[in-house]
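Visitor: no sequence for this one, just the structure:
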């Protein structure tokens with residue numbers, strides 16, 4: 001963490017004076033002693049391990065403060081800040097940075113300073129302005145050793161003519177920040193806001209009267225901000241507001257006229273950053289800032305020096321701010337300062353432009369109007385764009401804005417040469433460059449998928465011998481019968497669940513019973529072609545079709561196989577008419593390639609079969625159909641089963657002539673009938689095709 005503490009509006013001038021290169025060796029500040037001096041002065045005695053560096057400094061009237069810079073000096077003091085309470089000197093803070101050490105002296109009133117150097121010491125004498133302007137008066141050491149407190153310029157709290165608090169208002173700000181608004185009866189209140197300890201922030205209001213109506217504790221826990229309680233109390237010198245806080249926070253206070261604003265904004269810890277979601281995140285280096293009534297431009301200059309960015313502030317950036325930020329990202333500190341002053345920023349490269357929000361909005365509006373005028377007056381240019389991997393008409397619709405996103409300006413036009421698949425685009429030169437860049441990103445070769453299907457008739461639980469994992473079975477779909485008219489039934493509303501490889505999980509005969517569909521995954525160690533040939537050699541299966549098709553990514557591929565029957569019907573005029581009706585097994589696959597080279601397949605599978613009827617006319621068709629989506633690895637096989645049919649076989653063996661005799665013929669012939677169930681299995685295997693791969 002880097003700590004920066006600055007308190008004057010003249011910091012830029014001082015930094016420019018101290019921008020000289022550091023000497024080869026720097027002196028080390030080893031001791032600081034504050035003691036009385038003659039003529040009611042206070043002496044700051046600084047001790048070094050060598051010759052002291054050059055002393056420069058400046059004074060600030062409101063609040064009264066001195067900033068003393070020691071060039072080419074390192075800070076060796078153990079304490080960063082120490083309270084004094086002697087001769088109008090309240091506190092001395094020592095910081096080091098940029099090859100120099102700065103002493104910030106908080107005073108009770110205006111002072112001047114002079115210095116006297118020795119080989120390893122430096123004495124700084126502080127003189128009150130009112131006393132220093134008078135001729136020096138001789139005094140004894142004993143008189144000088146008992147300093148008299150300077151008269152306080154602040155009004156007494158009990159004075160009726162002094163300021164008082166008119167209202168105390170608390171609000172919840174953006175991002176869960178707590179905002180306290182204190183309104184005074186008159187301006188000019190020298191408010192001081194600082195942290196008084198862990199979870200305590202004090203606002204000291206010297207010379208301010210607290211009315212009895214406002215002397216009550218405010219419990220603001222329900223606002224869900226870092227502030228839990230506000231306790232106003234009357235002190236010997238005025239009024240103090242104590243804010244009890246919780247959690248890490250950033251403190252920012254500003255005073256404008258009669259209103260004191262104190263903002264306490266929560267600071268996200270690393271553990272909370274994961275839960276912020278879409279909220280604004282700050283990632284800058286952390287720093288601490290401590291300013292009392294300083295110009296906003298000086299604070300911005302300090303942030304620019306810390307970040308190394310170039311900062312441009314508009315002439316309209318004015319005002320003063322008091323803030324105390326401890327260990328917050330610099331970009332969050334900048335956002336807090338801009339928010340408190342009604343400012344906004346725009347980042348262009350490594351340059352940050354800061355101006356009032358309305359001013360920036362007006363500049364951007366003028367820039368848009370200027371750009372529109374340039375487009376209106378710019379000459380039109382014609383460009384021929386040859387489309388390689390897509391239809392030129394599709395790109396033309398995109399340029400015209402058919403999908404709600406158009407690239408052409410109001411003066412632009414586009415036409416298509418279907419013969420050469422070329423776009424003729426006419427627009428301004430700037431817009432044409434954007435159009436060409438966009439089409440180059442879109443006109444790329446689409447990846448392709450090979451869909452291989454095997455349609456197999458299996459007997460005697462052949463699917464179990466293949467190692468089909470029916471644990472991922474799904475019968476989501478519906479059945480239609482009686483000429484396609486039926487009641488839809490969703491057999492599995494949850495759809496297909498994802499299953500990895502492995503051997504078969506036998507769910508028993510009931511797992512695939514009936515005429516519904518079931519899905520399964522084939523284990524990765526199964527050689528499908530060899531297994532099917534082995535089953536065919538044993539008479540347990542028969543491959544009736546093995547279609548293979550290649551389709552582009554997100555393009556539908558269709559495979560159909562079936563039979564067609566003719567039937568007689570009568571037309572509207574009563575004449576006989578021959579018509580045909582199809583019953584087919586169809587498969588529609590729409591693949592989608594995922595970034596990790598897996599495949600999502602939208603499957604529409606339909607199995608129609610003619611059902612024998614006793615009456616003539618149009619043959620009835622039983623239909624089973626399923627629509628689902630599966631996710632498989634490249635080359636993994638999805639198995640569709642559960643389509644059961646019954647084969648009835650009747651076989652007669654007899655002796656010629658004798659087997660045809662009445663009655664006695666039964667002795668010379670043998671009748672055999674069988675009723676066997678067979679299952680239709682569909683194996684679907686998608687494979688990704690690389691560029692240049694030839695499929696045989």
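Guide: That came through fine. Note that this is a predicted model, so its numbers are computed, not measured. Numbers count the residues shown, from 1 in each chain.
Visitor: for residue 555, give its distance to residue 129.
Guide: In this structure, residue 555 and residue 129 are 87 Å apart, going by C-beta to C-beta, to the nearest Å. C-beta here means a position set from N, CA and C on the backbone, and glycine is covered the same way.
Visitor: let me know the pLDDT of residue 396.
Guide: Looking at residue 396, its pLDDT reads 91.
Visitor: so who does it touch?
Guide: Residue 396 makes contacts with 414-416, 423, as judged by C-beta atoms under 8 Å, 6 or more residues apart in numbering.
Visitor: closest to residue 456 out of those residues?
Guide: residue 416 (46.9 Å; C-beta to C-beta).
Visitor: can I assume that closest one sits in a strand?
Guide: Yes - counting by DSSP: H, G, I helix; E, B strand; the rest coil, residue 416 is located in a strand.
Visitor: pull the contacting residues for it.
Guide: By C-beta under 8 Å, 6+ apart, the neighbours of residue 416 are 392-393, 396, 422-424.
Visitor: mind listing the strands for the stretch 551-696 of the chain?
Guide: Here the stretch 551-696 of the chain has its strands, by DSSP state E, counting those that start in this stretch, at 557-570, 576-593, 599-610, 621-632, 638-654, 669-689.
Visitor: how far off centre is the longest one?
Guide: Pointing back at strand 669-689 there. Centroid separation for strand 669-689 versus its chain: 54 Å, with C-alpha atoms, centre = their mean, to the nearest Å.
Visitor: tell me what angle it forms with strand 557-570.
Guide: Relative orientation of strand 669-689 versus strand 557-570 (axes from the mean of the first three to the mean of the last three C-alpha atoms, to 10 degrees): 140 degrees.
Visitor: now do the fourth one
Guide: Angle, strand 621-632 to strand 557-570, by the same axes, to 10 degrees: 170 degrees.
Visitor: now the angle from strand 621-632 to strand 599-610?
Guide: Going by the same axes, to 10 degrees, strand 621-632 makes 170 degrees with strand 599-610.
Visitor: before we move on, the earlier item: filter the contacts of residue 416 down to the buried ones and hand me the PyMOL line.
Guide: Per 16 or more other C-beta atoms under 10 Å, the buried members of those correspond to this PyMOL selection:
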select buried, resi 392+396+423
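Visitor: make CSV from the contacts of residue 416 and add secondary structure and distance to residue 640 to it.
Guide: As requested, those are exported to CSV (DSSP: H, G, I helix; E, B strand; the rest coil; distance: C-beta to C-beta, whole Å):
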residue, secondary structure, distance to residue 640
392, helix, 39
393, helix, 37
396, helix, 41
422, strand, 44
423, strand, 44
424, strand, 49
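Visitor: before we move on, back to that, now pLDDT and distance to residue 54 too, for the contacts of residue 396, in JSON lines please.
Guide: Below are the contacts of residue 396 laid out as JSON lines (pLDDT from 0 to 100; distance: C-beta to C-beta, whole Å):
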{"residue": "414", "pLDDT": "92", "distance to residue 54": "72"}
{"residue": "415", "pLDDT": "93", "distance to residue 54": "77"}
{"residue": "416", "pLDDT": "93", "distance to residue 54": "78"}
{"residue": "423", "pLDDT": "94", "distance to residue 54": "72"}
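Visitor: which residue ranges of this structure form helices?
Guide: Secondary structure of the chain by DSSP state H: the helices cover 11-17, 129-132, 141-145, 296-307, 330-341, 357-377, 392-400, 429-442, 462-465, 528-537.
Visitor: redo these as CSV? Include distance to residue 233.
Guide: Output for the helices of the chain, formatted as CSV (distance: least, C-beta to C-beta, whole Å):
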stretch, distance to residue 233
helix 11-17, 35
helix 129-132, 32
helix 141-145, 36
helix 296-307, 31
helix 330-341, 26
helix 357-377, 38
helix 392-400, 69
helix 429-442, 65
helix 462-465, 85
helix 528-537, 85
